[in-house]
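Trainee: here is my input; please provide its structure:
(one chain, ligands or ions: 1)
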Amino acid sequence: MSYLDLPPLRHAAGTVRLPGSKSISNRTLLLAALAEGGTRIHDLLDSDDTRVMLTGLRQLGIAVESIGADSYCVTGAGGAFPVKAAELFLGNAGTAFRPLTAALALSGGRYVLSGVPRMHERPIGDLVDGLRQIGADVRYLGSEGYPPLEVRPAAIRLEAPIKVRGDVSSQFLTALLMALPLTGEPAVIEMTSELISKPYIEITLKLMARFGVSVQRDGWERFTIAGGQRYSSPGEIHVEGDASSASYFLAAGAIGGGPVRVEGVGRDSIQGDVAFADALAQMGARIETGPNWIEARGPADGRLKAIDLDCNHIPDAAMTLAVAALFADGPCTLRNIASWRVKETDRIAAMAAELRKVGGIVEEGGDYLTVTPTTLLAGKEGLGSQQVPLMVRQAHHERNLRAHLGLSQQDTVRPELVEGLIEIETYDDHRMAMCLSLAALGGVSVRILDPGCVAKTFPTYFDAYAQITAPVVAIDGPSASGKGTVAARVAQTLGYRMLDSGALYRLTALAARRAGVDWTDEAAVAAVAAGLPAEFDGEKILLSGDDVSDAIRTEEMGVGASIVAALPSVRAALLERQRAYRRWPGLVADGRDMGSVVFPQAECKVFLTASAEARAERRYKQLIGKGMPANMAALLEDLRERDARDAARSVAPLQKCADAELLDTTDLSIEQAVDAVLGWARCRMQ
Ligand code: DC
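Mentor: Take a look at the predicted model:
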């Protein structure tokens with residue numbers, strides 16, 4: 001896909017399960033490969049960078065076996081790589097290139113390491129210098145100081161401390177630290193300049209310790225590895241969620257109200273980037289943490305505060321602060337970020353260029369960035385000092401924009417805002433794409449070019465972002481209250497997607513019946529629900545490719561759905577599947593627990609009901625209309641029984657939530673009901 005259009009977004013709330021951390025995934029893979037014994041690695045990130053590492057390790061003779069979704073068993077070499085000659089292509093994966101260079105330089109073989117053109121522009125001289133000091137034979141095949149490289153066998157001497165610079169990339173130190181235990185000799189590394197990104201070194205040391213090698217750290221200047229240490233497998237290891245990825249969602253919560261909760265990192269994380277949450281708190285966001293989660297809400301007074309922060313300790317997550325700065329009450333300065341210049345792209349220059357497009361005044365320094373949230377306007381004198389921010393909530397529409405700012409027809413408004421689409425370049429940099437997607441929370445439409453670049457660390461990023469930002473209209477109510485018809489009309493009018501959750505329960509009942517599973521056998525029905533081979537193809541509903549649109553609408557399947565829907569594990573099995581329907585530009589969800597359980601953060605909640613008699617009559621007409629047999633008295637009794645069962649069950653009983661609007665449709669036409677729901681929806685979405 002060459003671009004992705006994000007609609008103007010206003011709120012962010014919900015829960016996101018983070019993918020595994022890139023840094024931890026690739027370090028863990030390498031350490032497992034060098035260790036004695038097999039390591040079962042769980043929750044490994046599935047991304048470009050980890051794929052590059054997995055391929056590289058296999059090429060180097062390491063057995064890597066997939067043992068389930070995101071789980072691998074790596075059989076370690078118990079020392080240097082067994083394959084002694086190889087050519088490795090490592091894409092743009094710095095977390096694979098640097099550590100493999102060091103490990104291969106100490107492996108006694110002949111190797112060539114190369115990558116994409118951008119990888120060949122990213123410096124590696126400090127690492128090569130460090131390796132040459134101990135006798136390694138590392139040669140530049142292109143420009144001096146940059147990949148591609150060739151490594152040849154050499155005698156390694158570790159008498160003197162290795163002197164390395166730490167001010168370009170901490171990955172050089174990480175690479176040396178992880179590789180040196182291969183020699184079995186005592187080794188000392190001394191920093192000759194200030195070490196940047198210290199929390200990443202902390203991750204390296206903690207993971208090395210998990211694999212049985214301890215490093216003595218004296219301040220951040222000197223690292224000593226005692227001789228005779230070898231990596232040994234910890235057996236089983238779980239990769240933490242990516243704390244840098246958490247930053248986008250936490251910032252979304254801070255900008256878009258929240259609460260947004262990320263799961264996978266929390267108070268007990270080994271990743272320094274969790275400190276991003278502290279930076280957001282400094283901006284006034286309300287942050288809560290648990291051992292394995294962090295939650296962010298907007299400031300109590302609704303407006304983020306400007307900050308001036310040394311970001312050296314959170315280099316990646318600090319990019320997110322640069323975008324959050326657009327929503328602050330004054331200029332924000334991010335300092336000590338020179339390392340941005342040698343990342344996937346020159347991130348200082350790239351960030352400055354893109355933030356300007358979305359209305360920031362940006363001052364770009366050698367190692368800092370100042371972002372002033374500004375007027376989106378040109379030609380209106382005096383507004384600059386007033387600092388009308390990007391998030392003039394409905395600014396994408398010229399009329400709203402003018403009204404909001406009290407401008408007359410003579411004042412000029414920047415054309416891209418009038419057109420409502422701001423095009424964002426992403427520079428083949430996943431973090432640029434993810435960061436700038438937050439600008440849509442300012443109520444503007446944003447076109448993200450090359451959105452696929454997020455695959456480097458977070459292939460499903462935009463789905464996850466949609467699942468906390470796409471507006472939801474939740475329509476709950478008893479059977480035959482007219483929910484389905486009203487929901488479909490509302491969805492059509494707003495151009496939203498539609499979730500008929502009742503159909504999922506009906507499909508589960510039908511699939512269970514076809515599989516010979518009793519509707520009351522909770523574990524078996526839950527297994528059916530978890531793997532439901534259902535597809536929604538326009539009007540058609542397919543089960544294992546079969547059109548079952550009519551088969552699920554019978555009274556019998558309605559009863560079956562109501563029985564299976566009372567089983568807690570069936571509801572749990574269908575929960576994520578229902579949440580995945582939340583996409584841009586929005587979702588209308590109909591069911592029993594849309595507002596209470598599935599989308600508790602829904603902007604607009606409606607409880608639609610009608611008297612049992614009115615509902616029985618509607619169902620009667622429906623069935624007769626389809627040429628199906630129907631009996632009024634039986635239908636009424638059936639409905640009453642079903643209402644009682646849906647309302648009495650222990651999980652998600654049918655009831656109106658406190659924050660839902662009540663709509664009794666007994667005496668309303670469909671048009672009147674639709675208008676009422678649309679009225680509430682429009683009012684709540686503002
Ligand atoms: O809306 P419907 O008649 O298609 O729903 C069929 C059954 O599924 C209904 O009796 C209750 C159950 N259901 C539920 O428990 N939760 C939902 N969100 C939707 C339906």
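Trainee: not counting sequence-adjacent ones, nearest residue to the residue nearest the centre of the chain?
Mentor: Residue closest to the average C-alpha location in the chain (Cα atoms, centre = their mean): residue 461, at 4.1 Å. Excluding the flanking residues, the one nearest residue 461 by Cβ to Cβ, 6 or more residues apart in numbering is residue 454, at 4.3 Å. Bear in mind the C-beta positions are built from the backbone N, C-alpha and C, glycine included.
Trainee: I'd say the one you found and residue 435 touch.
Mentor: No - at 10.7 Å, residue 454 does not count as touching residue 435 under the criterion of Cβ atoms under 8 Å.
Trainee: show me the contacts for residue 494.
Mentor: For residue 494, the contacting residues are 473, 585, 586, 588, 678, 681, by Cβ atoms under 8 Å, 6 or more residues apart in numbering.
Trainee: quick one: the strands in the stretch 351-500 of the chain?
Mentor: Listed in chain order, the strands of the stretch 351-500 of the chain (DSSP state E, counting those that start in this stretch) span 360-364, 369-373, 422-424, 446-449, 472-476, 497-500.
Trainee: deepest in the core, which of the ones you listed is it.
Mentor: Highest mean neighbour count of the strands of the stretch 351-500 of the chain: strand 472-476, a mean of 30 (counted as mean count of other Cβ atoms under 10 Å).
Trainee: can you list the strands of the stretch 351-500 of the chain in a markdown table and add mean pLDDT?
Mentor: Output for those, formatted as a markdown table (pLDDT from 0 to 100):
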| stretch | mean pLDDT |
| --- | --- |
| strand 360-364 | 93 |
| strand 369-373 | 92 |
| strand 422-424 | 92 |
| strand 446-449 | 94 |
| strand 472-476 | 97 |
| strand 497-500 | 95 |
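Trainee: need these in a markdown table with distance to residue 242, can you?
Mentor: As requested, the strands of the stretch 351-500 of the chain are exported to a markdown table (distance: least, Cβ to Cβ, whole Å):
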| stretch | distance to residue 242 |
| --- | --- |
| strand 360-364 | 26 |
| strand 369-373 | 23 |
| strand 422-424 | 22 |
| strand 446-449 | 20 |
| strand 472-476 | 26 |
| strand 497-500 | 28 |
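Trainee: count the neighbours of the residue in the stretch 51-200 of the chain positioned nearest to the ligand for me.
Mentor: The nearest approach of the stretch 51-200 of the chain to the ligand comes at residue 69, 26.8 Å away (Cβ to the nearest ligand atom). By other Cβ atoms under 10 Å, 9 other residues sit near residue 69.
Trainee: beta partners for the residue nearest to residue 216 when sequence neighbours are not counted?
Mentor: Ranked by Cβ to Cβ, 6+ apart and with sequence neighbours excluded, the top spatial neighbour of residue 216 is residue 224, at 4.3 Å. Counting by DSSP bridges, residue 224 is bridged to residue 188, residue 216.
Trainee: isn't residue 224 right up against residue 185?
Mentor: No - taking contacts as Cβ under 8 Å, residue 224 lies outside contact range of residue 185: 11.8 Å.
Trainee: residues from the chain in reach of the ligand?
Mentor: Within reach of the ligand by Cβ under 6 Å from any ligand atom, the chain has these residues: 479, 501-502, 505-506, 558, 561-562, 565, 591-593, 642, 646.
Trainee: can you name the two of those residues that sit furthest apart?
Mentor: Using Cβ to Cβ, the two most remote members of the residues of the chain next to the ligand are 558 and 593, lying 16.9 Å apart.
Trainee: hmm, which helix or strand of this protein has the shakiest average pLDDT?
Mentor: Using mean pLDDT, DSSP states H and E, helix 383-386 stands out as the lowest-scoring helix or strand of the chain, at a mean of 32.
Trainee: can I get stretch 447-464 in PDB, CA atoms only?
Mentor: Taking C-alpha atoms only, stretch 447-464 is exported to PDB below (Å, rounded to 0.1, in the frame of the first residue of the first chain):
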ATOM      1  CA  ARG A 447      -2.100  10.700   4.700                       C
ATOM      2  CA  ILE A 448       0.800   8.500   5.800                       C
ATOM      3  CA  LEU A 449       3.000   7.600   2.900                       C
ATOM      4  CA  ASP A 450       4.500   4.100   2.800                       C
ATOM      5  CA  PRO A 451       2.700   3.000   5.900                       C
ATOM      6  CA  GLY A 452       4.200  -0.500   5.500                       C
ATOM      7  CA  CYS A 453       7.500   0.800   7.000                       C
ATOM      8  CA  VAL A 454       6.100   0.100  10.400                       C
ATOM      9  CA  ALA A 455       6.800  -3.600   9.800                       C
ATOM     10  CA  LYS A 456      10.300  -3.000  11.100                       C
ATOM     11  CA  THR A 457       9.000  -3.200  14.700                       C
ATOM     12  CA  PHE A 458       5.200  -3.200  14.700                       C
ATOM     13  CA  PRO A 459       3.600  -4.700  11.600                       C
ATOM     14  CA  THR A 460       0.100  -4.300  13.100                       C
ATOM     15  CA  TYR A 461       0.500  -0.800  14.400                       C
ATOM     16  CA  PHE A 462      -2.200   0.900  12.400                       C
ATOM     17  CA  ASP A 463      -4.800  -1.800  13.400                       C
ATOM     18  CA  ALA A 464      -3.800  -1.300  17.000                       C
END
